[in-house]
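**Q** Sequence plus predicted model, see below.
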Amino acid sequence: TGLPLFWVLFWYALVFGWTFLPALRQKIRPLLQPAALLGGALLLAGVLWAAALRQPDGRLHVTLFDIPDSRAVLIQTPGGNAVLADGAPYATRLSAQIGTRLPLLPRRLPALILTSGKSSAYEGLPALLTSLPAGQLIWTLNPPVNPAVERLRQTAAPQALLVRGQSAALDEGVTFTLLR
């Protein structure tokens, strides 16, 4: 998966500044005391370990969330994609529970699969998608008419309606097939 471009550019800018801007070195020198360096190194090690532990492990993971009036399921593919099936009426609870299972960067859902006929399953999704964008919305039924569903339909993400027997690729070697 590699290091995000932001961090690569950040470290190059830091090395460039240290090398070619002596005034910057004079301002930073007091911060380079042993305790500050040790603290910075420990913080960096913690962030790197947290990122490493959230990397894909080559196995399929399915997480069922304990949220009232919700059937939300997070599917993490062996390749590292995370797909959310259904939603919840509470965007903050759903977002918090999803956030503990996704890597630090990038924060996105390649697909959101919508299978519920209940209006409450869609209420928290528009707010969730503002912080966690979906690459595609996959509808498996005509949902109920309500404001949350209309906001979902107006997102910029491509949308598809699957009918019985059709499939959607979630990741390399992983497909979602509608059986009913």
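**A** Cool, got the structure.

**Q** When you work out contacts or count neighbours from here on, use the C-alpha atoms and nothing else.
**A** Will do.

**Q** quick one: which helix or strand includes residue 169?
**A** Assigned by DSSP states H and E, residue 169 falls within strand 167-171.

**Q** What residues sit buried inside that strand?
**A** Under the neighbour-count criterion of 16 or more other Cα atoms under 10 Å, strand 167-171 has 170-171 buried.

**Q** next structured bit after it?
**A** Scanning onward from strand 167-171 (DSSP H and E), the first element met is strand 174-177.

**Q** ok, back up a step: strands paired with the strand holding residue 169, and their directions?
**A** strand 174-177 (antiparallel) (DSSP bridges).

**Q** can you tell me the average pLDDT over the strand it pairs with?
**A** For strand 174-177, the mean per-residue pLDDT is 88.

**Q** Might you calculate how far the strand holding residue 169 sits from the centre of the chain?
**A** Mean C-alpha position of strand 167-171 versus that of the full chain (Cα atoms, centre = their mean, to the nearest Å) differs by 18 Å.

**Q** Contacts for that strand next, please.
**A** With contact meaning Cα atoms under 8 Å, 6 or more residues apart in numbering, strand 167-171 is reached by 77, 79, 81, 83, 110-111, 175-178.

**Q** same question, stretch 126-133
**A** Residues from elsewhere that reach stretch 126-133, judged by Cα under 8 Å, 6+ apart: 91-92, 94-95, 107-109, 148, 151-152.

**Q** Which among these count as buried?
**A** 91, 94-95, 108-109, 148, 152.

**Q** Closest one of those to residue 50?
**A** Lowest distance from residue 50 to these (Cα to Cα) belongs to residue 108, with 17.8 Å.

**Q** what's the distance between that closest one and residue 44?
**A** With distances taken as Cα to Cα, to the nearest Å, residue 108 is found 24 Å from residue 44.

**Q** Next: residue 163.
**A** Residue 163 sits at a distance of 48 Å from residue 44 (criterion: Cα to Cα).

**Q** Just checking, which helix or strand of this structure averages the lowest pLDDT?
**A** Evaluated with mean pLDDT, DSSP states H and E, the helix-and-strand set of the chain has its lowest mean pLDDT in helix 22-28, which scores a mean of 73.

**Q** Right, I'll leave it there.
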